[in-house]
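Enquirer: kindly generate the corresponding structure for this input.
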Amino acid sequence: MRLEVKLFVNMDTQGNTYLVIDDEKNCCVIDPGSLKMKKIVAYMKENDLNLTGILLTHGHYDHIIGVPDIIDYKKVPVYIGEKDIEFLYDSTLSLSLWYDLDFRLSKNVEVIGVNEGDKVCGLEVIATPGHTQGGVCYLNREEKFLFSGDTIFKMTYGRTDFPSGSLSALRKSINKIMELDGDIVVYPGHGGETEIKEERVYHVFS
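Expert: Predicted structure coming up:
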């Protein structure tokens with residue numbers, strides 16, 4: 001089944017939200033990181049898309065604060081790395097308190113923890129702790145693309161000085177990503193897309 005990737009840039013957080021659409025018009029939202037997700041909701045309505053889930057690469061505020069807006073449009077499960085579930089209800093862990101947001105997800109929202117090898121919305125979960133303790137990437141091996149969240153960006157990688165961050169864990173996660181096929185396109189949480197083979201030059205850890 002062919003998947004299409006649509007990018008929406010969140011100007012308030014300078015982050016990327018992605019819509020993954022299959023050829024039957026089912027779709028999932030990845031990292032809704034703006035307080036107002038009107039554009040992506042309008043796009044789903046205009047194109048008669050069937051939203052089936054919200055996928056989160058990790059629990060920082062600039063990847064999760066749009067969840068309520070999406071849920072208001074349609075109640076669907078929220079998928080996040082199992083070890084990052086607590087971030088959804090803790091504004092210190094999510095860093096939202098640092099920006100006077102104090103974001104806490106409603107307990108009425110269905111949240112499903114994911115782990116290495118799980119399949120969601122046609123994507124394979126790759127556990128990539130380091131930026132956060134439960135960070136994950138979402139991979140499609142057939143069509144060769146990866147949603148990397150804040151694990152890696154173009155020519156750099158995510159910070160590890162936030163709560164639960166670990167540089168040693170991040171290095172191991174990046175090494176795991178670098179072992180993927182070189183022609184896999186990487187869609188990061190911030191900035192432009194890249195490819196694994198290009199990033200191997202910048203991510204060399206022993």
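Enquirer: and His63, what element?
Expert: Assessed by DSSP states H and E, His63 sits inside helix 61-64.
Enquirer: oh sorry, the question was meant for Thr57
Expert: Using DSSP H and E, Thr57 sits within no helix or strand.
Enquirer: beta-bridge partners for the closest residue to it other than its chain neighbours, please?
Expert: In space, Thr57 comes closest to Gly149 once its chain neighbours are excluded; the distance is 2.6 Å by CB to CB, 6 or more residues apart in numbering. C-beta coordinates here come from the backbone N, C-alpha and C atoms, glycine included. Here Gly149 sits in beta bridges with Pro188, going by DSSP bridges.
Enquirer: one step back: any idea how far the very next helix or strand once past the helix holding His63 is from the middle of the chain?
Expert: With elements assigned by DSSP H and E, the helix or strand that comes after helix 61-64 is helix 67-73. Offset of helix 67-73 from its chain centre (CA atoms, centre = their mean, to the nearest Å): 16 Å.
Enquirer: what does helix 67-73 contact?
Expert: Applying CB atoms under 8 Å, 6 or more residues apart in numbering, the contact partners of helix 67-73 are 29, 32, 34-38, 40-41, 44, 51, 54, 56, 76, 78, 88, 105-106, 109.
Enquirer: show the buried residues in the residues you listed.
Expert: For those, a burial check counting by 16 or more other CB atoms under 10 Å picks out 29, 32, 34, 37, 40-41, 44, 51, 54, 56, 76, 78, 88, 105, 109.
Enquirer: my guess is the residue nearest to Thr57 meets Gly130, correct?
Expert: No: applying CB atoms under 8 Å, one finds Gly149 not in contact with Gly130, separated by 10.5 Å.
Enquirer: do you know how far the residue sitting nearest the centre point of the chain is from Glu46?
Expert: The centroid of the chain falls nearest to Thr57 when counting by CA atoms, centre = their mean (3.0 Å). Per CB to CB, to the nearest Å, Thr57 is found 26 Å from Glu46.
Enquirer: with Phe147 instead?
Expert: Using CB to CB, one gets 23 Å for the distance from Phe147 to Glu46.
Enquirer: those two: which is more packed in?
Expert: Neighbour count, other CB atoms under 10 Å: between Phe147 and Glu46, Phe147 has more, with 25 against 8.
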